[in-house]
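Novice: Fold the following and give me the result.
(one chain, ligands or ions: 1)
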Amino acid sequence: MLSSIVKEKIISIVTSENFDDSKVERLSYSYDSTPNFQSLPDAIVSPRNSQEVAEIVKICNEYKTPIVPRGSGTNLCGGTCPTEGGIVILFKHLNNILEIDEDNLTVTVQPGVITLDMTNAVEAKGLFFPPDPGSMKISTIGGNINENSGGLRGLKYGVTRDYVIGLEVVVPNGDIIRTGGKLAKDVAGYDLTRLMVGSEGTLGIITEATLKLIPMPETKKTMLALYQDLEAAAKSVSKIIANKIIPTTLEFLDQPTLKVVEAFGQIGLPTDVQAVLLIEQDGPPEVVNRDLERMAEICKLEKAISVQVAATEVEAEALRTARRTALSALARLKPTTILEDATVPRSELAKMVNAINEIAKKYQLDICTFGHAGDGNLHPTCPTDSRNHEEMERVEMAFAEIFEKAIEFGGTITGEHGVGVMKAPYLELKLGKEGIAVMKAIKQALDPNNIMNPGKVFAKESRKRVVVGK
Ligand SMILES: Cc1cc2nc3c(=O)[nH]c(=O)nc-3n(C[C@H](O)[C@H](O)[C@H](O)COP(=O)(O)OP(=O)(O)OC[C@H]3O[C@@H](n4cnc5c(N)ncnc54)[C@H](O)[C@@H]3O)c2cc1C
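Specialist: Down below sits the predicted model:
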């Protein structure tokens, strides 16, 4: 419960219209897209501008009240679950595209802007913002920045981090700082912009962002390579890159995922093959055609049974959409969907795919795998039922082994979904005690009262996942 003094002070800033501590509203914001994490906040607050955000933060810092900034709540790491109560801050009033600067190729936005709305707005001016998370129809830019989200175009164009060049941030003492700007170059001191990107709401609240844009590529083409052998598909990925071709998109779907996606989307995907690669290239037409031909040859040499180029943009968009809906399609299978995010160097992809299948067999689980193969970023996904405690234990053990394998192959526990509360117990696997100590020192310096999204990133105990609420 918020103390009456904190409640009164916050209402005096945002007005009672933008403060809600009803049970219904608290329940609505007690969870996000991550299964099995639920915990009630004390109130939901919707500030109308940066100044109000700063004043709220000052009060919360004084009274040591936790703050959970929340975009659309689509994160998959329990990142917006208010595990320690406090207030959830929404950005529904901070949802404007402030400026598209065609001279400097930048867009300046507030954090609550929906990703797809922003990409549509810049594309209407012939400009391009490449990061395209599967959730872009509902995710916000604030969420994308704080999770450093990736997408289908990450292989060629990088992730959100590569496009954030300036931020306005309310830091945990309530000060408002500006980092970077519309600058191609800026080495004035520590790179605070990069520090904030991917910080999962634990170091401050982003109230404005300036993002880099690039010219829209002239053309793009899409093709599908079909395989009866998972390893051959995975090998094709490293071979394409070893041949010095960097396609825009290089996505992998295994047969169980294909079957579910086709049942959901009914676009005519083959379901009798073991795996497909969805490959896309963009750029000048002659480069696109040349690269597509070379990639088709490589796939065939690596035992693809067929390689088909999408005949029309409608067909290509259907393929992309099918890939983007993979998680939603899998989520229809069983009451609980555990989706993971293990990432390895591309050269280790075939080994990682095999390891996931071995682990699934060992723990007698159905694990469907899809993901951004070109980035080595796989999403092994287990449709299960959290009420079946015995099966959930096997799921936990299987994923712990998957993370260990990823680290053994030189990889990481998360490539794009973040740590949040879900992966916090595994962070030490990747960083070691010393790495965690450095991160904790940064957190302590900026947020000594631990008000910003507490309970996230740093675990109370390592390796064992903490399941809250229910
Ligand atoms: C169907 C589906 C597909 C997905 N596909 C992808 C994908 O392809 N690639 C990918 O990377 N992720 C993907 N995700 C995960 C998720 O959509 C992304 O992490 C996304 O960036 C979260 O955006 P959001 O607005 O929902 O943020 P939220 O989930 O609300 O918040 C995410 C984090 O950001 C913090 N935060 C939000 N706004 C602010 C702010 N203004 N200041 C400070 N902190 C803030 C929150 O506290 C939290 O820690 C997918 C999720 C789903 C459900």
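
Novice: so how many other residues sit close to residue 301?
Specialist: Around residue 301 sit 12 other residues, with neighbours defined as other C-beta atoms under 10 Å. Quick note: C-beta positions are derived from backbone N, CA and C, even for glycine.

Novice: Enumerate the residues of the stretch 1-150 of the chain near the ligand.
Specialist: Those residues of the stretch 1-150 of the chain that sit near the ligand, judged by C-beta under 6 Å from any ligand atom, are 32-33, 68-76, 79-80, 91, 111, 133-135, 139-140, 142-144, 146-147, 149-150.

Novice: What are the buried residues along the worst-scoring helix or strand of the chain on mean pLDDT?
Specialist: Comparing helices and strands within the chain by mean pLDDT, DSSP states H and E singles out helix 313-324 as the least confident, with a mean of 87. Buried positions in helix 313-324, judged by neighbour count with 16 or more other C-beta atoms under 10 Å: 316, 318, 319, 320, 322, 323, 324.

Novice: Would you check which pair of those residues lies furthest apart?
Specialist: Pairwise distances across the buried residues of helix 313-324 (C-beta to C-beta) peak at 12.7 Å, for the pair 316 and 324.

Novice: Quick check: the gap between residue 5 and residue 65.
Specialist: Residue 5 sits at a distance of 11 Å from residue 65 (criterion: C-beta to C-beta, to the nearest Å).

Novice: okay, those two: which has more neighbours?
Specialist: residue 65 (23 against 11).

Novice: tell me the pLDDT at the residue nearest to that one when sequence neighbours are not counted?
Specialist: The spatial neighbour of residue 65 that comes closest, neighbours along the chain excluded (C-beta to C-beta, 6 or more residues apart in numbering), is residue 86 at 5.1 Å. The score at residue 86 is 98. That number is its pLDDT.

Novice: Where do the strands of the stretch 101-250 of the chain begin and end?
Specialist: The residue ranges that make up the strands of the stretch 101-250 of the chain, judged by DSSP state E, counting those that start in this stretch, are 106-109, 127-128, 164-170, 176-180, 205-212, 214-215, 219-227, 249-254.

Novice: can you map out the strands along the stretch 251-400 of the chain?
Specialist: Assigned strands in the stretch 251-400 of the chain, in chain order: 275-283, 304-309, 336-339, 368-372, 377-384 (criterion: DSSP E, counting those that start in this stretch).

Novice: pLDDT weak spots in this protein?
Specialist: By pLDDT under 70, the low-scoring segments of the chain are 462-470.

Novice: OK, contacts around residue 227?
Specialist: Remark: with contacts taken as C-beta atoms under 8 Å, 6 or more residues apart in numbering, residue 227 is in contact with 233, 236, 273, 274, 275, 276, 277, 303, 304, 305.

Novice: let's see it at 7 Å
Specialist: Contact analysis of residue 227 by C-beta atoms under 7 Å, 6 or more residues apart in numbering lists 233, 273, 274, 275, 276, 303, 304, 305.

Novice: Closest to residue 97 out of these?
Specialist: Distance from residue 97 was checked for each of those by C-beta to C-beta. The minimum falls on residue 276, at 36.1 Å.

Novice: distance of the closest one from the ligand?
Specialist: For residue 276, the distance to the ligand equals 18 Å [C-beta to the nearest ligand atom, to the nearest Å].

Novice: Pull the number of nearby residues for that residue.
Specialist: Residue 276 - counted by other C-beta under 10 Å - has 29 other residues nearby.

Novice: now residue 181
Specialist: As a burial measure, the neighbour count of residue 181 was computed by other C-beta under 10 Å and equals 15.

Novice: Equivalent analysis for the one 5 residues further on, please.
Specialist: The local packing count at residue 186 equals 14, with neighbours defined by other C-beta under 10 Å.

Novice: Go ahead and confirm it touches residue 180.
Specialist: Yes - between residue 186 and residue 180 there is a contact at 5.6 Å, judged by C-beta atoms under 7 Å.

Novice: For residue 170, list the residues it contacts.
Specialist: 50, 53, 54, 57, 176, 204, 205, 207.

Novice: what about 10 Å?
Specialist: Contact partners of residue 170, counting by C-beta atoms under 10 Å, 6 or more residues apart in numbering, are 47, 50-58, 67, 69, 89, 176-177, 204-207, 452.

Novice: Could you do residue 454 as well?
Specialist: Contact analysis of residue 454 by C-beta under 10 Å, 6+ apart lists 64, 66-68, 82-86, 202, 421, 443, 447.
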